[in-house]
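1. predicted model, plus sequence, below.
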Amino acid sequence: MTNSDGFGGTEKHLVELIKRMEASGVRSSILQVGSDVYTRILNERGISSATILTMNLQKSPLDWYRLFRIIRPDVLVFVNSWLGSFPWHAVVSACVAGVPKRFAIHHLIAPPLVHVKRKSVRGILKWALGGQRRRRLAFGISTPLCNTTICVSHAVRDRLIKDYCFPASRTLTIHNGISTSEFMPSKSNRVYLRNRLGLGSDDFLLICVARLAEVKGLDILLLSLARLLQQGVACKCIIIGEGPLKGTISKQVNELGLSGHVFLEGFQDDVKPYLQAGDAFVLTSYAEGLPLSILEAMGCGLPCVVTDVGGNSEAITHNVHGFVVAPGSVDEATEAISYLIGHPREREQMSRAVQRRVHEEFVLEDRMAEIQNLILT
């Protein structure tokens, strides 16, 4: 079961899992809430065994029960792009309907719970009746009914256990992974893409792959690039992605005088050639789980400038694989990018380090095998 409004890291992860299920002789169905974002991708990848059903999220517990009784899955996996992707009674209904095995995968770190002072009557009522309290109670009912909750990073797991009382013994981390045979440096793609965009071989090129949404902090990236330009530091940047802030970001690029320095390439089915054309990767987001975009950039040998959110620091060790900066800090982002531009020898050392790191810890086949073994055993 998945609730998506676009095709990103969560959806890539699910497609890779479905592909391996098919190879193992397992028949898969994707219950897609809202619009269908999978059919085209599955067809392009030759995945023919999976069926796709679209549905409305606003279902009563009885509706959910009836759905599961009709489909009768042996294993049900709730793919959570964010905490609360599905109502708590969906899990309860699956249990009552007799679904033998139920799992959840959480891709994004949950927001921290805000502790409310309870010294006054008003404070007590706010605590007792507030949305956070209701959400915590809902997870207290539904989470124990899952056999296991899988988290894509330790940061996601720790937040769910600490703030939302997920049972530690049944909440585990299986890191995301990438195909190391697919995401790797390519001199030919580097030359081709740079020629297509009119970039020189010596131009320093930053790559950012992110949904154009507020949570990705692209305003921080653009402000950092503008500051570098003011300092006389030459830098070009490609931003790959679509989203609700597309118009705002285009306007900011013009207002900051970044036309000709920032290329908005929109959504790309294949980001690999862009990563292979770059010198470094940047992601100035405010919340993450463990982005595939970072791992893909590492596979292509790009040192990374990332914010200290979610599982970013589980992939990038500060000053070894790149730089981990404070979210919202233009100063730190600017300093990190400037260092990479001005220190080519250290940048090359980081490039080798990120490739070693991916091969040691984030190989897609290993991570997918862990998930398969867990949910099919």
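-> It's in. Numbers count the residues shown, from 1 in each chain.
2. element containing the closest residue to Leu206 other than its chain neighbours?
-> What sits nearest to Leu206 in space, not counting adjacent residues and going by C-beta to C-beta, 6 or more residues apart in numbering, is Cys237, at 4.2 Å. Heads up, the C-betas are built off the backbone N, CA and C, glycines and all. Following DSSP states H and E, the helix or strand that holds Cys237 is strand 236-240.
3. which secondary structure elements does that strand sit against?
-> With contacts taken as 3 or more C-beta pairs under 8 Å, 6 or more residues apart in numbering; DSSP states H and E, strand 236-240 sits against strand 205-209, helix 218-230, strand 262-266, helix 272-277.
4. out of those, nearest to Glu182?
-> helix 272-277 (6.8 Å; C-beta to C-beta).
5. report the rounded mean pLDDT for the closest one.
-> Mean per-residue pLDDT for helix 272-277: 98.
6. centre of the chain to that helix, how far?
-> 19 Å (C-alpha atoms, centre = their mean, to the nearest Å).
7. so which bits of stretch 66-78 are buried?
-> Buried residues in stretch 66-78, counting neighbours by 16 or more other C-beta atoms under 10 Å, are found at Leu67, Phe68, Pro73, Leu76, Val77, Phe78.
8. swap that for stretch 255-266, please
-> Buried positions in stretch 255-266, judged by neighbour count with 16+ other C-beta under 10 Å: Leu256, Leu258, His261, Val262, Phe263, Glu265.
9. sorry, back to before: which one of the buried residues of stretch 66-78 is nearest Ser186?
-> The closest of the buried residues of stretch 66-78, once distances to Ser186 are taken by C-beta to C-beta, is Val77, at 34.1 Å.
10. any low-confidence regions in the stretch 101-250 of the chain?
-> Counting by pLDDT under 70, the low-confidence segments of the stretch 101-250 of the chain come to 114-133.
11. now the strands for it?
-> 101-106, 148-151, 171-173, 205-209, 236-240 (DSSP state E, counting those that start in this stretch).
12. what's the first one packed up against?
-> Right, the one you point to is strand 101-106. When contacts are defined as 3+ C-beta pairs under 8 Å, 6+ apart, strand 101-106 packs onto strand 75-80, helix 88-96, strand 148-151, helix 364-376.
13. which one, of these, ends up nearest to Phe204?
-> It's helix 364-376; of these, that one is closest to Phe204 (C-beta to C-beta) at 29.5 Å.
14. so the residue nearest to Leu206 makes contact with Ala226?
-> No. Using C-beta atoms under 8 Å as the test, Cys237 is too far from Ala226 to be in contact (10.9 Å).
15. dump the strands of the stretch 101-250 of the chain to CSV, plus distance to Leu113 and mean neighbour count.
-> Converted to CSV, the strands of the stretch 101-250 of the chain look like this (distance: least, C-beta to C-beta, whole Å; neighbours: other C-beta atoms under 10 Å):
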stretch, distance to Leu113, mean neighbour count
strand 101-106, 16, 22
strand 148-151, 17, 22
strand 171-173, 16, 17
strand 205-209, 30, 25
strand 236-240, 33, 22
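16. output those as TSV; include the columns distance to Leu376.
-> Shown next, in TSV, are the strands of the stretch 101-250 of the chain (distance: least, C-beta to C-beta, whole Å):
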stretch	distance to Leu376
strand 101-106	9
strand 148-151	12
strand 171-173	16
strand 205-209	31
strand 236-240	34
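17. which one of the ones you listed lies closest to Gln252?
-> The nearest among the strands of the stretch 101-250 of the chain, by C-beta to C-beta, is strand 236-240 at 11.2 Å.
18. do you know which of the strands of the stretch 101-250 of the chain lies nearest Arg135?
-> It's strand 101-106; of the strands of the stretch 101-250 of the chain, that one is closest to Arg135 (C-beta to C-beta) at 14.1 Å.
19. relative orientation of the closest one and helix 364-376 in degrees?
-> 140 degrees (axes from the mean of the first three to the mean of the last three C-alpha atoms, to 10 degrees).
20. residues touching Pro167, list them.
-> For Pro167, the contacting residues are Thr143, Pro144, Ile161, by C-beta atoms under 8 Å, 6 or more residues apart in numbering.
21. got a list of contacts for stretch 212-230?
-> So stretch 212-230 is in contact with 206, 208, 210, 235, 237, 239, 241-246, 249, 252-253, 256-258, 261-262, 282-287, 307, 327-330, 333-334, 337-338, 341, going by C-beta under 8 Å, 6+ apart.
22. can you say which of these are buried?
-> Looks like these have 206, 208, 210, 235, 237, 239, 241-243, 245, 249, 252-253, 256, 258, 261-262, 282-285, 287, 307, 327, 329-330, 333-334, 337-338, 341 buried, using 16+ other C-beta under 10 Å.
23. rewinding a little: can I get the helices and strands packed on strand 101-106 in CSV including distance to Ala50?
-> Below are these laid out as CSV (distance: least, C-beta to C-beta, whole Å):
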stretch, distance to Ala50
strand 75-80, 13
helix 88-96, 19
strand 148-151, 20
helix 364-376, 15
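24. of those, which is nearest Ser181?
-> Here helix 364-376 is closest among the helices and strands packed on strand 101-106 (C-beta to C-beta), at 9.3 Å.
25. by contact count, what packs against that closest one?
-> helix 9-23, strand 75-80, strand 101-106, strand 148-151.
26. what lies in contact with the first one?
-> Right, the one you point to is helix 9-23. So helix 9-23 is contacted by 2, 4, 27-28, 30, 37-38, 41-42, 45, 47-50, 79, 81, 105, 107, 152, 176, 291-293, 364, 368, 371-372 (C-beta under 8 Å, 6+ apart).
27. good, wrapping up.
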